[in-house]
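K.L.:
Here is a sequence with its predicted model. Questions after.
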Amino acid sequence: MNVQKVNLDQVPAYCARVNVNGIQRTKEDYIRHQIDSVFTSNTFESLLLNVEQLRSKLLQLGCFRDVTVVIDSAKDAKANYSYDVTYITEEYRPISGGINTAVGQNEGSLCTNFSLPNLFGRGEKFGVDYSYSNRGNTEGRVFYNMPTQLDPNKQFSMSLFRSYFDNTWSSFKQDDHGVNISYNIPLGIVPNAVHSFTWEGVWRSVLAASPSTSLDIRKDAGHTLKSSLKYTATIDTRDHPVIAHRGSYSQSSIELAGLGGDSQFVKWSTQHQVNVPLPMKSILQWCLSAGAIWPLLQGRDQTIKINDRFFLGGPLNVRGFDYHGAGPHSEGAALGGDCYWATGLHLYTPLPFLYHRENLMSHVRLHYFLNAGNVCNLQSVRSTQSFFSQLTNATRLSCGLGVVLNLMNVARLELNYTLPLWTQVHDRVIKGFQFGVGFTFI
């Protein structure tokens, strides 16, 4: 039997018309705004690519739960090689809700939600959700999202929220009530990149966790009001969010608090990740995270409260240390700092008995790591030399190996054997097996 290969890039093809079936509540102008790219096709290969790209865009509109495609020869078309493209859609139900579980940073939550998707026919969504974690932390919010300029990538959102968090490692509890307004837009010509502009107003209440809570924690207890503007830029080119084989991730943010209220500071943070494929189906990964916070008005003897500081240590952070276990402590409670840095070098390899199972290697791998970092206070820094001295003099270092498991592409589970190499007197160190689960890691 002779098989002849056809180069689809050499086969002419044009789109005569696009039909979208199954629309009941979605507005026609919202659909029309998305379909122009299909009509630019001039080869069968470009037609297939543009058709699939449009299918992905339709699924991102917030209107459809499923979209299938049928390509057929155009009827009554004047030009040869013309095709009709038909999208068969299934819209979201007017009311949806459910109960599910979610994974946070070393905790699991039971979540309930209720929403009105595609509320006015252009991808708007109104909803209510609530979560309760195994640590007793709770969060509830009422939110409304909508695309702007008929573009699902340009999202405006606002929410009212309340959250309660028991910070066991620092011996305080925090109860927040607030409003959040944000606007996300693509980062120009850079692919997979997003600008985010956020205003947040929060009434925050910090409570001592027990009668034995340290005075260093108690002095920051009480009520504060924070009004802040925050800008975040994110670029993500990874091929997988949990165990990436190649690509990079970068996110940087700057927050200005002091537009009303009594919390006044400037806070900067950044996270980076680079993944490089190696021979023998291995992956080399480098991670970096850093941040700093300064009082907005230096001359008024302002201090940074404990619920705004940075903390270091944990099973997905600087491994070999307890959660928030690296850094200054007072009577066993982590105090955090106003400046930190942390980095990690990782090597992922296939499990020996799964070396030829390509489908399993994206779910479980051996993990070798080297972590370093430091957290400190810069209030007393008076020169550049003392600044770098503070950052490097008390560096923590650890290494180890273990197993990483991908949990449905939303979180990672790690079981490692850790060996702390450089520690400080007040650190809470874990030498031996350490278990962690979450979605952010160093």
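P.N.:
Nice, I can see it.
K.L.:
What segments of the stretch 251-400 of the chain are strands?
P.N.:
265-278, 282-295, 329-330, 333-334, 339-349, 364-376, 396-407 (DSSP state E, counting those that start in this stretch).
K.L.:
Looking at these, spot the one closest to residue 37.
P.N.:
strand 265-278 (29.9 Å; CB to CB). From N, CA and C alone the C-beta is placed, and that goes for glycine too.
K.L.:
returning to that earlier point: figure out which of the strands of the stretch 251-400 of the chain is closest to residue 60.
P.N.:
With CB to CB as the yardstick, what comes closest out of those is strand 396-407 (23.3 Å).
K.L.:
Now the nearest residue to residue 45 once chain neighbours are set aside, what are its backbone angles?
P.N.:
Closest residue to residue 45 apart from its sequence neighbours, by CB to CB, 6 or more residues apart in numbering: residue 8 at 4.0 Å. Residue 8 has phi and psi values of phi -70, psi -20 when expressed as degrees, to the nearest 10.
K.L.:
From what I see, residue 8 and residue 41 are in contact.
P.N.:
No. Counting by CB atoms under 8 Å, residue 41 is not a contact partner of residue 8; they are 11.3 Å apart.
K.L.:
Looking at the two, which is more packed in?
P.N.:
Neighbours per residue, other CB atoms under 10 Å: of residue 8 and residue 41, the larger number sits with residue 41, 20 against 14.
K.L.:
Do I have it right that the more buried one meets residue 14?
P.N.:
Yes. Contact criterion CB under 8 Å: residue 41 and residue 14 qualify, at 6.4 Å.
K.L.:
what's the overlap in contacts for the two?
P.N.:
Counting by CB atoms under 8 Å, 6 or more residues apart in numbering, the common neighbours of residue 41 and residue 14 are residue 47.
K.L.:
distance between the ends of stretch 430-441?
P.N.:
The first residue of stretch 430-441 is 18 Å away from its last residue (CA to CA, to the nearest Å).
K.L.:
and that stretch, which residues are buried?
P.N.:
Within stretch 430-441, the residues scored as buried using 16 or more other CB atoms under 10 Å are 430, 434, 436-439, 441.
K.L.:
of those residues, closest to residue 56?
P.N.:
Out of those, the member with the shortest distance to residue 56 (by CB to CB) is residue 439, at 23.0 Å.
K.L.:
Phi first, then psi, for that closest one.
P.N.:
phi -120, psi -10.
K.L.:
Leaving out sequence neighbours, find the closest residue to it.
P.N.:
residue 411 (4.8 Å).
K.L.:
next one: residue 70
P.N.:
residue 86 (4.5 Å).
K.L.:
Correct me if wrong: the one you found contacts residue 19.
P.N.:
Yes. Taking CB under 8 Å as the definition, residue 86 is a contact partner of residue 19 at 4.4 Å.
K.L.:
more neighbours, the two?
P.N.:
Remark: of residue 86 and residue 19, residue 86 carries more neighbours, 14 against 11, as counted by other CB under 10 Å.
K.L.:
show me the contacts for the more buried one.
P.N.:
Taking CB under 8 Å, 6+ apart as the test, what residue 86 contacts is 18-21, 69-72.
K.L.:
State the helix or strand in which it lies.
P.N.:
strand 82-91 (DSSP states H and E).
K.L.:
That strand pairs with which strands, and in what direction?
P.N.:
strand 14-21 (parallel), strand 64-73 (antiparallel) (DSSP bridges).
K.L.:
could you pull out the helices for the stretch 301-442 of the chain?
P.N.:
Under the criterion DSSP state H, counting those that start in this stretch, the stretch 301-442 of the chain contains helices at 358-361, 384-392.
K.L.:
Can you tell me which of these has the worst average pLDDT?
P.N.:
Among the helices of the stretch 301-442 of the chain, helix 358-361 carries the lowest mean pLDDT, a mean of 67.
K.L.:
Quickly note the distance from the nearest residue to residue 426 once chain neighbours are set aside to residue 142.
P.N.:
Excluding the flanking residues, the one nearest residue 426 by CB to CB, 6+ apart is residue 329, at 4.3 Å. According to CB to CB, to the nearest Å, residue 329 and residue 142 sit 38 Å apart.
K.L.:
quick one, which of those two is more surrounded?
P.N.:
Between residue 329 and residue 142, counting by other CB under 10 Å, residue 329 is the more crowded of the two (21 against 14).
K.L.:
Kind regards, and thank you for your time.
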